[in-house]
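>>> Let me see the structure of the following:
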Amino acid sequence: MKFTKICILLALVMGFAAALSFPAQAYILDFDIPSVDSGAKISYAGGATPLVGLKLQIDAVSLLTDSDVLISGPYRVTGAGGLGDGTMNFTTGKFSTSVGNVWIFSGGGTITITGEIPGIGITTVETLMTGTFTDAQVVGPLSMKSNTGQVDGNFQDIKYAPLLKYFGLTVPQMDSGGFSVTITVPTGTTPPSGFMTTGVFSGNVLNTVVPLPPSVLLLGSGLLGLLALRGRRKS
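The predicted model follows:
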C-alpha cells in the first residue's frame, strides 16, 4: 500500500512538472491576398473618418511555423476545391494624425474574413475571422519614382471554430493578428488628404495561434493521479 501511494505521488509530481516545463509551440495562420486583386477598394474620405477596405480577396489559408515555414501535408487550403468566396472587409478607427508620408488611424472598427472551404467541411460562406483594430496606417509612395504604397493594421480577433479545429488549434481563443497589403496611392496624394484606390495587390493576414499543448494532457494525468490517491484514502 505504501509503495502504491509513493508511485501515485511520483506520477502526480511528474505530471505537474511536465505541464510547467513544456511551453506550447506557436504557429502562424496565414490568410493570403493574391497578387492581383480586381474588385477590391481601399479608401479614406478625409478628416476624422476611418480607412475602409472592401472586397479584398482571400484565396488561401495556410498554417506556418513561428519561423514562417510552410508546414507540409493537408494544412494549405487553396485552389480548386479550396477556399471559395474568400473576402476581407475592414473599417479602422478614425484618422488620428499624419507623420511625413504616413496616414495613422486609431484603434476600433472591425475586420472580417468570410468564405467557404468545402474540402474541410465548411460548405457555406461563414465568418472565418472577426476582430477589432488596435491601430492601422497607410504608408504613402515608397519612393519618388513610384506610387506604390502599403496598408498595415494590427488587431485582436476570434476565428471560426471548425477552421481552427482543422489545423489542430485551440478553440475558442482571442488571437493577435496583423495584415500588410500593397496598394497604388493615387498620384500626387499626400497625407492628410483623402484618397481612393482600386490598385490592391499582394498581401497577408497573419495570426499567432497556439495548438492545444501536450502539457494539458500531462496536467490532466497528474490530476487523475491526485483523484486516484484520494479515492484510495477513502477506501
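
>>> make it CA atoms for all contacts and neighbour counts henceforth
Will do.

>>> Report all helices and strands that the longest strand seen in the chain contacts.
Taking DSSP state E as the criterion, the chain has its longest strand at strand 122-139. Packed against strand 122-139, as judged by 3 or more Cα pairs under 8 Å, 6 or more residues apart in numbering; DSSP states H and E, are the following elements: strand 84-99, strand 102-105, strand 108-117, strand 148-159.

>>> Between the two ends of stretch 174-191, how far is it?
Using Cα to Cα, to the nearest Å, the end-to-end distance of stretch 174-191 comes to 33 Å.

>>> Identify the residues contacting it?
Among residues not part of stretch 174-191, those counted as contacts by Cα atoms under 8 Å, 6 or more residues apart in numbering are 33, 98-103, 140-141, 147-158, 195-209.

>>> Filter the residues you listed down to the buried ones.
For these, a burial check counting by 16 or more other Cα atoms under 10 Å picks out 33, 98, 101-103, 140-141, 147-158, 195-196, 198-201, 203-209.

>>> Domain ranges for this protein, per the record?
Structural domains annotated on the chain: 1-23+213-235, 24-211, as defined by automatic domain parsing.

>>> Which of these has the lowest mean pLDDT?
For the domains of the chain, mean pLDDT drops lowest on domain 1-23+213-235, to a mean of 41.

>>> Which one, of the helices and strands packed on strand 122-139, ends up nearest to K165?
Nearest of the helices and strands packed on strand 122-139 to K165, taken as Cα to Cα: strand 148-159 at 10.4 Å.

>>> Only the buried residues of the helix or strand following the closest one, if you could.
Next helix or strand after strand 148-159 toward the C-terminus (DSSP states H and E): helix 161-166. Buried residues in helix 161-166, counted by 16+ other Cα under 10 Å: 163-164.

>>> Look at A136 and say how many residues are nearby.
Number of residues near A136 (other Cα atoms under 10 Å) recorded here: 27.

>>> Could I get the contacting residues of it?
By Cα under 8 Å, 6+ apart, the neighbours of A136 are 92, 104-107, 151-154.

>>> got it, and S96?
Each residue near S96 by Cα under 8 Å, 6+ apart is listed here: 48, 103-106.

>>> Got a ChimeraX select line for the buried ones in these?
The buried subset of these, as determined by 16+ other Cα under 10 Å, is captured in ChimeraX by this line:
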select :103,104,105,106
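
>>> Just give me the closest of the contacts of S96 to Q173.
Using Cα to Cα, these come closest to Q173 at S106, 23.9 Å.

>>> now that closest one: how far from L206?
Taking Cα to Cα, one finds S106 at 20 Å from L206.

>>> ditto for F95
23 Å.

>>> Return the set of residues that bridge with I158.
Beta-bridge partners recorded for I158 (DSSP bridges): T130.

>>> thinking it is in contact with T170, fair?
No - using Cα atoms under 8 Å, I158 is not in contact with T170; the gap is 11.1 Å.
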